[in-house]
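Engineer: have a look at this prediction, sequence included:
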Protein chains: 2
Amino acid sequence: MSSGVGAVGHLFPDCSNGPLASNGVCNAQLSAADRVKALVDALETEEKFKLLVSTSPGVERLGLPSYEWWQEALHGVASSPGVRFNEAGDFSYASSFPQPILMGAAFDDDLIEAVATVVSTEARAFNNFNLTGLDFWTPNINPYRDPRWGRGQETPGEDPFHLSSYVTALIKGLQGGEDPDILKVVATCKHFTAYDIENWDGNERYEYDAKINPQELAEYYMPPFEACARAHVGSIMCSYNALNGVPTCSSSYILQDVLRDHWNWTREYQYVVSDCDALQNVFMPHNYRATREEAVASSLLAGTDLDCGTYYQIHLPGAYEQGIIDDAVLDKAITRIYSTMMKLGYFDPADATPYRSLGFSDVFTPHAEELVRKAAEEGIVLIKNDGVLPLQVPSEGNLSMALIGTWANATTDMQGNYFGVAKYLHSPYYAASQLPNVEAIYGGIPGDPITNGYPAALEAAATADVIIYADGPTTSTESEEHDRNLIRWSGERIDIITHLASLGKPLVLVQMGGQVDDAPFLNHPNISAILWAGYPGQAGGDAIMNILTGKVSPAGRLPVTQYPAHYVKDVGMTDMSLRPNAATGNPGRTYMWYDQATVPFGFGLHYTTFKTTINEPEQSSWDTQELVDTCTDNVAHLDQCPFQTVPIAVSNTGDATSDFVTLGFIAGEHGPEPYPIKRLVAYQRVFNVTADSDSDTTANLTLTLKSLARRDEAGNLVLYPGSYSLLVDVPTQASWNFTLTGQEVVLDQWPQDSGAAAKTGGLSQQL
Amino acid sequence: MSSGVGAVGHLFPDCSNGPLASNGVCNAQLSAADRVKALVDALETEEKFKLLVSTSPGVERLGLPSYEWWQEALHGVASSPGVRFNEAGDFSYASSFPQPILMGAAFDDDLIEAVATVVSTEARAFNNFNLTGLDFWTPNINPYRDPRWGRGQETPGEDPFHLSSYVTALIKGLQGGEDPDILKVVATCKHFTAYDIENWDGNERYEYDAKINPQELAEYYMPPFEACARAHVGSIMCSYNALNGVPTCSSSYILQDVLRDHWNWTREYQYVVSDCDALQNVFMPHNYRATREEAVASSLLAGTDLDCGTYYQIHLPGAYEQGIIDDAVLDKAITRIYSTMMKLGYFDPADATPYRSLGFSDVFTPHAEELVRKAAEEGIVLIKNDGVLPLQVPSEGNLSMALIGTWANATTDMQGNYFGVAKYLHSPYYAASQLPNVEAIYGGIPGDPITNGYPAALEAAATADVIIYADGPTTSTESEEHDRNLIRWSGERIDIITHLASLGKPLVLVQMGGQVDDAPFLNHPNISAILWAGYPGQAGGDAIMNILTGKVSPAGRLPVTQYPAHYVKDVGMTDMSLRPNAATGNPGRTYMWYDQATVPFGFGLHYTTFKTTINEPEQSSWDTQELVDTCTDNVAHLDQCPFQTVPIAVSNTGDATSDFVTLGFIAGEHGPEPYPIKRLVAYQRVFNVTADSDSDTTANLTLTLKSLARRDEAGNLVLYPGSYSLLVDVPTQASWNFTLTGQEVVLDQWPQDSGAAAKTGGLSQQL
């Protein structure tokens, strides 16, 4: 068995022998709470400080093992401080799925749960061989608000309803169910909250103060985290940035008033962890407290239980000496984090938990391998097609295919960031070279004067029947700590692509990585087709070739707006407002408030055509109060009250069998002005819809009162009388109009930030 | 012997056997011009296109060898397409000097010539073993106009007089003299002109259009290139950017009117090379010409002789077919580049040139090794010292020294960019560990939660007698294609440095890389000393330790302004103006126009104190016309007419022997308003000035009419009546006031850009 990760490992405590055996924490007859209390009661104060940091030494005296809390698994078990891959053989790799931005494009929550289930199974298998801990700092669920964001690729997209639905499925898959007896692994929703700038124009995440009004905070930035709370996620990570003057890790408004009090995120196994070194940043550069001791005390008191870093370990002792924290607050944090370990079965015998027998035969299984590819296939978006796709591969002879561009032979680029070791990385060129009756010609990377790439690319193109140009941003231009400042194709790329197009051969642009303004190519007569394939994971090339050759039909939809290049000049990243504002020049953000997209959110073509028809409910007007009063379902929150499940008839009117993503938006004049253009409220992906079938496939769009309600200026969720339209598909194919009458009904009273920027209030407020 | 570099090599042509032997180019009896003409006359048109690109195939038919024109040697023979280092043994390394920004701080032109002589000797040795060509694309001599510039480190600083003086010495060293019979190597002054933005706020160098008025163009951006022209540099590189609407590589105003006609840069061996792929950029993204063929034709016609890239090779044939270029213009370019090879002795027998016998015994000689270290020592600038420096190392027992920070154990970071393989890289920690009676403790990099760096750093500091904190930007934050957007210490660094300072031990901040605003530390009582050591090259640690321990006394001066952190918010990089402008908010640039520096240009402390006294000339007023009329020296340009050589008595009034850099500035009310605060016109470094000596050392500040003249709004250099002051040292220690009377006299009539932005004028203008 392996010897652990660095200085610490993930060995389970020895509850049979050794000092811990005699502690109540090992006594399965006691309640979980009593067991953790027994552990905490045994701690001496000086031992507590070090237990609250990510690389925990444990307590040797008590037999409490060291533990590394920091594991990553954004799209597969990933290299990180607590994860180790063996150099060869068993556990030398794990499944490597596409980046969330591409999986988001699938609009298929079942897919997401299946992916997360594979990830948590592999995590448990690695854990059983002491190669990882059980706390994973994933998902990144901040909405992808601005196209420049370097970490937008880590998220499923820009829409808060979509993110909420996606993350609910993901947490279920990671944690082992909606409400499991034993947590499979702990998921961590990050970065709470309003974190979506790395370093733009000198605004660094470590000191950035996001100014957001209550309406847009509640409406846009918070819903994914509320979904996490409702899905009983085990952990939430506070972020580097401040919100309205207060660093989130030191904000009792965010961590207590909203998260714990309002959202009732108070299960014993739920804890808040800081982003790495974010507690240092509370002191510097935020300058939120006068001393380092006050900075850590303020954070602990606000509700940050665990420090990724060492600031708690270094400065909590001083805070304790100064009397600004006491044992009670230390114990509360330790109780939370060790209750989580209890819930993971950490203190239980192996046979008491369902996951301890998993091994390497459960890693990258045939099912997982297929899912890795399928996740990419489902996400790939067809943006343009003049009919050249799917490519016709002859049954005899060869179709010669030139593969050109920075992504044509990509390997780890396909994994984006926060990735692990994959068994293989199949580039587009590799995948093409495996196809029967295809001659793949690698044309290199044009424009590189060292390798003479331009002439080589032209030569490859000259001899080929079809040109596949695969290019786009990589993590060298959009990544953690690096926002983009351009969202256009470079002049050099436009030159080579249009030069290749001038050869008059079929040319398919496979746009990889983040969105880039495709305007120079959308109407170019010689550019035959455009696919967007994001960061497609270890089987990305296979998935792309399956789509290009028609083995799989594309049905993904853009999970983000593709903005015109000039958008980055129109509004700064630091303007957090979503709504257009004539005074500031902000043209609006996301498809909800901006309608000048090059390619809109939700767009995606098929190899066939679809017709959608709404089976309209007979009733077309409702009274708001009556909708609430007749909500007899046992819902925990009023916004979950059902409204209507609207059946959509999906008819394949073309030739090819294809999935279809049914998107439902609400528009209309209701609630506070300005009105959003529309907002996503439901989606369902239907599968393998055959062409020319006599019977339509039905997709059901489930609408709740939340689908109808909007946030007022104070952030309250309100059901408003007014006109409503359900719009189906992008562009809209069908719509259903209805009205609500009566009074405004508040569904959710948003907690107000009374002391938001009370930076001067001093620490005593919190004690 | 080695087999060459990639597809092409640097083998000399065979003038004894083979097809070339019968061509006149090999006939040493003919004039150089006739020899080159014989070669050119033998070429077929289709062979010419490929000879004009950086990776030239030569002409096999004629026996003309392939040749790689692209070599780099910014601060030593450097890895680049044409340079190869052997894996081990002979020619596996070369001398690696500090980056120019640190060598600039030495203000010692003799040092620069000596360094360049070592570099060219080593280049010739490598060439003799077929490991490099003879054309080197160095120096980068654009003035360091803005502190954010990612490549500012490649330049000697921000002052155009300083750069001009530096580059004159450098070219002499590289090319083998002021006017040698055989060029030792070809130097290339780049990037001509007004290139100093990589990618700031989405403004990419490939399409940036620098808007500069004639006055500041002639006064600030052009002088270093004029100095290159006067020093007979073999090659000049046109830049990516446009200037006032015209890409420089396609600008006949820049390449013909200014460079060749006005500056008379017309020796047969002088050619213009494009920056890499800059000719593609003329077409896209500059969109300067409607077709690719017109773009290359326009560039060749404007005077760009050689293309780094392949655009000429691909598109000149089409331009030729279209009749927009002809053989005459192709021949002109080929004549220039092969005349240069002729001047390098390329077509001569080995015994006809003085450099063909150099070998590996001439590489990294003891002289070179000492010079590598000395170049760093001379440049290092002492910014603050409360008396803790020089450190007192005991003769018995140990001084324990904690070395902490990202640069404490730096290796290749010390080389900056454009570097070669060094025999060794001595970090500060390594150098400290070699010192007798010093116990070096490496404290790691604080603030890294993965390595638990913060506690480790505190632990190292706790046990040490003195703390050396070495930190600052590296090429990961300032580099080619990446301008900085922040020039401040991060909050995390301020936290750890001030935390270490709170221990109350001597703490020396060794600030590395580019300038960062030191304001948080300058007045901090517990931060004992601050050194700036830039990118100090392979012996950087040795040099730093020699300074810290007093073996060498620091005497470098800041070659750039150290701006306050807020400066980056005050003015955008795209504002090319130097003068303050209330309308735009530009606060002014460089010490000439901005007086709010944290640490000013020219600043530098010593381990002793110096007093300077001007031996004032008796005369204190001159008539402008008389100054010109009495210029009986045989000067090529009126601005070179001598004015006064002013002796400065330099007295060491302290204890330690030390070099002293004597800086002379001119200020006063003369010429067009606004008046610059002052401007550097002369400097001399005097060496080993001993303390308490009876006689002063004398430094001579040589003033010419150029020292007095200013540029008018049209860019003309004019000698103006008015008041003048010579100011010595920073801050000013001594001044001498004098006046000029009479009329304005024009010393240099600046060529006007009649068709500057005549983008619409079409190509026919040039034909």
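Structural biologist: Arrived safely, thanks for sending.
Engineer: can you show me the strands along the stretch 1-150 of chain A?
Structural biologist: Counting by DSSP state E, counting those that start in this stretch, one finds strands in the stretch 1-150 of chain A at the ranges A:55-56, A:67-68.
Engineer: tell me the gap between the first one and the middle of its chain.
Structural biologist: Distance of strand A:55-56 from its chain centroid, counting by Cα atoms, centre = their mean, to the nearest Å, is 26 Å.
Engineer: so A:Arg222 touches A:Val258, yeah?
Structural biologist: If you look again at residue A:222, you'll see it is Met, not Arg. Yes. Using Cβ atoms under 8 Å, A:Met222 makes contact with A:Val258 at a distance of 7.4 Å. (Each C-beta comes from the backbone N, C-alpha and C, glycine too.)
Engineer: still on that earlier bit, in a markdown table, list the strands of the stretch 1-150 of chain A along with mean neighbour count.
Structural biologist: Output for the strands of the stretch 1-150 of chain A, formatted as a markdown table (neighbours: other Cβ atoms under 10 Å in any protein chain shown):
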| stretch | mean neighbour count |
| --- | --- |
| strand A:55-56 | 22 |
| strand A:67-68 | 24 |
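Engineer: could these go into CSV alongside distance to chain B?
Structural biologist: Conversion of the strands of the stretch 1-150 of chain A to CSV gives the following (distance: least, Cβ to the nearest Cβ, whole Å):
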stretch, distance to chain B
strand A:55-56, 6
strand A:67-68, 10
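Engineer: mean pLDDT for these - can I get that in a markdown table?
Structural biologist: Putting the strands of the stretch 1-150 of chain A into a markdown table (pLDDT from 0 to 100) gives the following:
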| stretch | mean pLDDT |
| --- | --- |
| strand A:55-56 | 96 |
| strand A:67-68 | 96 |
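Engineer: Serialize those to CSV and add fields for distance to A:Phe665.
Structural biologist: Formatted as CSV, the strands of the stretch 1-150 of chain A follow (distance: least, Cβ to Cβ, whole Å):
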stretch, distance to A:Phe665
strand A:55-56, 46
strand A:67-68, 44
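Engineer: show the contacting residues for the residue nearest to A:Asp413 when sequence neighbours are not counted.
Structural biologist: Using Cβ to Cβ, 6 or more residues apart in numbering or on different chains and skipping the chain neighbours, the partner closest in space to A:Asp413 is A:Thr474 (4.6 Å). If a contact means Cβ atoms under 8 Å, 6 or more residues apart in numbering or on different chains, then A:Thr474 has A:406-407, A:410, A:413, A:512-513 as its contacts.
Engineer: over to A:Ile141?
Structural biologist: A:155-156, A:163, A:167, A:189-190, A:224-225, A:227-228.
Engineer: in chain A, where's the longest helix?
Structural biologist: helix A:109-128 (DSSP state H).
Engineer: helices and strands around that one, which ones?
Structural biologist: Of the remaining helices and strands, those touching helix A:109-128 by 3 or more Cβ pairs under 8 Å, 6 or more residues apart in numbering or on different chains; DSSP states H and E are helix A:100-104, helix A:160-175, helix A:366-379.
Engineer: rewinding a little: who wins on neighbours among the contacts of A:Thr474?
Structural biologist: Within those, neighbour counts (other Cβ atoms under 10 Å in any protein chain shown) peak at A:Trp407, which reaches 30 neighbours.
Engineer: kindly provide the distance from that one to chain B.
Structural biologist: 19 Å (Cβ to the nearest Cβ, to the nearest Å).
Engineer: quick check: A:His606 touching A:Ala555?
Structural biologist: Yes. The pair formed by A:His606 and A:Ala555 meets the contact definition of Cβ under 8 Å, at 6.1 Å.
Engineer: between these two, which contacts overlap?
Structural biologist: A:658, A:660.
Engineer: of the two, who's got more company?
Structural biologist: When A:His606 is set against A:Ala555 and neighbours are counted by other Cβ under 10 Å, the residue ahead is A:Ala555, at 31 against 20.
Engineer: what about A:Gly177, which SS state?
Structural biologist: Of the three states, A:Gly177 takes coil according to DSSP: H, G, I helix; E, B strand; the rest coil.
Engineer: typo on my end, it should be A:Val568
Structural biologist: Classified using three-state DSSP, A:Val568 is helix.
Engineer: would you mind measuring from A:Thr630 to chain B?
Structural biologist: Using Cβ to the nearest Cβ, one obtains 53 Å as the distance from A:Thr630 to chain B.
Engineer: what's the distance between that residue and A:Trp622?
Structural biologist: Summarising the geometry, the distance separating A:Thr630 from A:Trp622, computed by Cβ to Cβ, to the nearest Å, is 9 Å.
Engineer: circling back to that earlier point, between the contacts of A:Ile141, which has the most around it?
Structural biologist: If you count neighbours using other Cβ under 10 Å, the busiest of the contacts of A:Ile141 is A:Pro156, which has 31 neighbours.
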